[in-house]
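> From the sequence below, what's the structure:
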Amino acid sequence: MKQDPEASLQQNYDSLFEQLNQSNNDVTSNCLLEEVGIVNSVSPGIATVKGLPGVGFEELVLFPNNIYGIAFNLDENEVGVVLLGDYCQLSVGDQVKRTGRVMDIVVGEHLLGRVINPLGHPKDNKGHLSQTPRLPIERPAPEIMSRLPVTEPLQTGIKVLDALLPVGRGQRELIMGDRQTGKTSIAIDTILNQRDKNVLCIYCAIAQKSSSIAKTIATLQQHNALEYTVVMVTEGNDPPGLDYIAPYAATSIGEYFMHAGKDVLIVYDDLTRHARSYRELSLLLRRPPGREAFPGDIFYLHSRLLERSTHLNEEHGGGSLTALPIIETEEQNMSAYIPTNLISITDGQIYLSPKLFDLGVLPAVDVGKSVSRVGGKAQRDGFKAVSGTLKLEYAQFEELESFARFGARLDDSSLATIEHGKRIRACLNQPESSPLSVSAQIIVLLALTHHFFDGISLQYIQQAQDAVVDGIDNLHEDIQHKLALANTLTEQELKDILTMFKQVLAPLQSGSDSPSHANTESGES
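All right, here's what the predicted structure looks like:
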């Protein structure tokens, strides 16, 4: 029987379409949908891009030559992008791709001892870094119910701070002053003092000179402090976008350790340059200027950064992040825009006076203009026993000293107050990069508040301090243990310490014939 031609043709068609469907199912497409924009203009630090209708705020975008940028202004017809690389390598018409993620930074234990930039690239020629795990640089601050009060002190090793302006773990204490007054030195000394105290440190240098950064790293290496420190740097010739993200990236590294239950100290050096970089970017992106040409959201810039420093409860890790932001004032003007913003955000400030610096009072801390609003609650009993009277006596001395400059005749009581105040100032002097232990600070402050240094010439005050510190070894072990922990002393223990003062300071009392005579007798004691 002959087959119907139409049925045969239909069968062939069915067979053909079945084979096409089978082939279509067997083939996997490797095509990906990408949203691509075009560079419309390029300026130092920023670029404007046309296209990218679906890009999100602060999303990371990729330019040619592996240059990244952050979508900052989402306008109707274009996107303003903050560049994180050299703008000279970009041209109008270059393609820009979305990455679908926000800016993040590598975190972890392997960063300790390393020098990196805000992109997570090493700057110390010690080899490549593992790029995992990673955390976004912008993260919400911990909720109030996740936090604990500041109850544990962070010892700086600096007498004037630990006694009069204490800092607690989880606190934000501002360091401010004019140029070249020792702000960075205080922060670095605090990092040096954290050795063997289970505190990890992060030093974030923002738009610093290469020579200054090299000096700081050399100091950390010399005192074996780099092994527990992460150094994040941006140099003066880096794009302002890197300066902008640097403190946020450093804070994410600190938060990784904090959530792991560790205590962390982070230093921002300094936020003046950070604010200026942000102002530069904002003005280039045509954001409206406000006071001192800073944009209106400059307060939010720093508040959302410093609010991430806190002390967490045990449910959230139990760690802490202590912040020491540094700010530079001009002509001792504490009421400028950025300083007043940061004073209101932080929990106190350490003000460094150029007048004291010129007089050789180092560190040049102006106790009258400085305050710690939280740290006193975390201060050890041993410091509390001496700090109250010490601050009052020092304030009385400064008032009488300024009064005496007019040539006024003072009674014996006022003269004694001035002489005692001079010895307080001399004892609070401390060389750079030489933090003191808790027991050494307590013993010196006890001798000072009990007026044992009043009969000693000012030129021998340092020898007197060394003598009382060395005398700790002659005390009972229980007393030494209490001094090391800054615990409260019993009346008998205090009497034993005062007896030791009399013995070791006797050769240095007024009446010594010469410095060599005093040195000899001090050595014998």
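
> Nearest residue to the middle of this structure?
Centre of the chain computed as the mean C-alpha position; nearest residue by Cα atoms, centre = their mean is Val267, 1.3 Å away.

> give the contact list for that residue.
Each residue near Val267 by Cβ atoms under 8 Å, 6 or more residues apart in numbering is listed here: Ala187, Ile188, Thr190, Ile191, Cys201, Ile202, Tyr203, Cys204, Leu324, Pro325, Ile326. Backbone N, C-alpha and C define where each C-beta goes, glycine included.

> ok now do the first one, which residues does it touch?
I take that to be Ala187. Taking Cβ under 8 Å, 6+ apart as the definition, contacts of Ala187 comprise Ile175, Tyr203, Val267, Asp269, Leu324, Ile326.

> Highest neighbour count among these?
Per-residue neighbour counts (other Cβ atoms under 10 Å) across the contacts of Ala187 peak at Ile175, which has 30 neighbours.

> The host helix or strand of that one pairs with which strands?
Using DSSP states H and E, Ile175 sits within strand 174-177. Taking DSSP bridges as the criterion, strand 174-177 sits next to strand 320-328 (parallel), strand 348-352 (parallel) in its sheet.

> Quick one: mean pLDDT for the first one?
If I follow you right, that is strand 320-328. Averaged across strand 320-328, pLDDT comes to 97.

> How far off centre is the next helix or strand after that strand?
Next helix or strand after strand 320-328 toward the C-terminus (DSSP H and E): helix 337-345. The chain centroid and the centroid of helix 337-345 are separated by 16 Å under Cα atoms, centre = their mean, to the nearest Å.

> Report the separation between Glu59 and Ala71.
Noted for Glu59: a distance of 5 Å to Ala71, by Cβ to Cβ, to the nearest Å.

> okay, now Leu119: neighbour count?
Leu119, neighbours per other Cβ under 10 Å, totals 16.

> Am I right that it is in a helix?
No: under DSSP: H, G, I helix; E, B strand; the rest coil, Leu119 sits outside any helix and is assigned coil.

> Tell me who's in contact with it.
Going by Cβ under 8 Å, 6+ apart, Leu119 touches Tyr68, Leu84, Ile105, Leu242.

> Kindly indicate which of those residues lies nearest His223.
Ile105 (26.6 Å; Cβ to Cβ).

> in what helix or strand does that closest one lie?
Per DSSP H and E, Ile105 falls inside strand 104-106.

> ok, which stretches of the stretch 401-525 of the chain are helices?
412-428, 438-449, 461-470, 477-485, 491-505, 515-524 (DSSP state H, counting those that start in this stretch).

> Buried deepest among the ones you listed, which one?
helix 438-449 (a mean of 23; mean count of other Cβ atoms under 10 Å).

> picking up where we left off before, with respect to Gly100, which of the contacts of Val267 is nearest?
Cys204 (27.7 Å).

> For that closest one, which non-adjacent residue is spatially closest?
Nearest residue to Cys204, sequence neighbours excluded (Cβ to Cβ, 6 or more residues apart in numbering): Ala250, at 3.9 Å.

> for that neighbour, what are its contacts?
For Ala250, the contacting residues are Pro118, Ile202, Cys204, Val230, Met232, Ile266, Tyr268, by Cβ under 8 Å, 6+ apart.

> Now do the SS call for the fourth one.
Pointing back at Val230 there. What three-state DSSP gives for Val230 is strand.

> Low-confidence stretches in the chain?
The chain contains residues with pLDDT under 70 at 1-5, 27-32, 407-408, 510-525.

> quick revisit: now tabulate the contacts of Ala250 in CSV and tack on neighbour count and distance to Asp26.
Converted to CSV, the contacts of Ala250 look like this (neighbours: other Cβ atoms under 10 Å; distance: Cβ to Cβ, whole Å):
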residue, neighbour count, distance to Asp26
Pro118, 25, 47
Ile202, 25, 54
Cys204, 28, 55
Val230, 23, 52
Met232, 26, 51
Ile266, 29, 56
Tyr268, 29, 58
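
> wait, isn't Leu74 in contact with Val55?
Yes: counting by Cβ atoms under 8 Å, Val55 is a contact partner of Leu74 at 7.1 Å.

> More neighbours: which of these two?
Comparing Leu74 with Val55 by other Cβ under 10 Å, the one with more neighbours is Val55, at 21 against 15.

> show me what contacts the closest residue to that one other than its chain neighbours?
Among residues not flanking Val55 along the chain, Ala71 sits closest, at 5.0 Å (Cβ to Cβ, 6+ apart). By Cβ under 8 Å, 6+ apart, the contact list for Ala71 reads Leu52, Val55, Gly56, Phe57, Glu58, Glu59, Leu60, Val61, Val79, Gly80, Val81.

> Now these in TSV, please, with extra columns for distance to Leu356 and secondary structure.
Below are the contacts of Ala71 laid out as TSV (distance: Cβ to Cβ, whole Å; DSSP: H, G, I helix; E, B strand; the rest coil):
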residue	distance to Leu356	secondary structure
Leu52	54	coil
Val55	52	coil
Gly56	50	coil
Phe57	46	coil
Glu58	43	coil
Glu59	48	strand
Leu60	46	strand
Val61	49	strand
Val79	50	strand
Gly80	45	strand
Val81	46	strand
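
> right, and the pair among the residues you listed with maximum separation?
Taking Cβ to Cβ, the two most distant members of these are Leu60 and Gly80; they sit 14.4 Å apart.

> quick one: which of the two has more around it?
Set Leu60 next to Gly80 and count neighbours by other Cβ under 10 Å: Gly80 wins out with 22 against 19.

> Please determine how far the residue lying closest to the more buried one once chain neighbours are set aside is located from Gln19.
Sequence neighbours aside, Asn73 is the residue nearest to Gly80 in space, at 3.0 Å (criterion: Cβ to Cβ, 6+ apart). According to Cβ to Cβ, Asn73 and Gln19 sit 54 Å apart.

> The two - which one has more neighbours?
Taking other Cβ under 10 Å, Asn73 and Gln19 do not tie; Asn73 has more neighbours (17 against 10).

> so what strands line up beside whatever helix or strand that one lives in?
Per DSSP H and E: Asn73 is located in strand 67-74. Next to strand 67-74 in the sheet, as set by DSSP bridges, lie strand 59-63 (antiparallel), strand 79-83 (antiparallel).

> Now do the contacts for the closest residue to Thr190 other than its chain neighbours.
Of all residues not flanking Thr190 in the chain, Thr156 sits nearest, at 4.4 Å (Cβ to Cβ, 6+ apart). Applying Cβ under 8 Å, 6+ apart, we find Thr156 in contact with Asp162, Val167, Ile186, Asp189, Thr190, Asn193, Pro435.

> if we go to 6 Å?
Counting by Cβ atoms under 6 Å, 6 or more residues apart in numbering, Thr156 touches Asp162, Thr190, Asn193.

> Tell me which of these fall in strands.
Using DSSP state E to define strands, no part of the contacts of Thr156 is located there.

> so can I have a markdown table of those showing neighbour count?
Shown next, in a markdown table, are the contacts of Thr156 (neighbours: other Cβ atoms under 10 Å):
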| residue | neighbour count |
| --- | --- |
| Asp162 | 27 |
| Thr190 | 25 |
| Asn193 | 25 |
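
> Which of the residues you listed fall in helices?
In helices, defined here by DSSP state H, the members of those are Asp162, Thr190.

> okay if I get the contacts of Thr156 as JSON lines plus distance to Ser130?
Below are the contacts of Thr156 laid out as JSON lines (distance: Cβ to Cβ, whole Å):
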{"residue": "Asp162", "distance to Ser130": "38"}
{"residue": "Thr190", "distance to Ser130": "29"}
{"residue": "Asn193", "distance to Ser130": "30"}
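
> Quick check on Val36: phi, psi?
Note on Val36: its backbone torsions stand at phi -120, psi 130 [degrees, to the nearest 10].

> ok so Asn24 is a helix residue?
Yes: assessed by three-state DSSP, Asn24 belongs to a helix.
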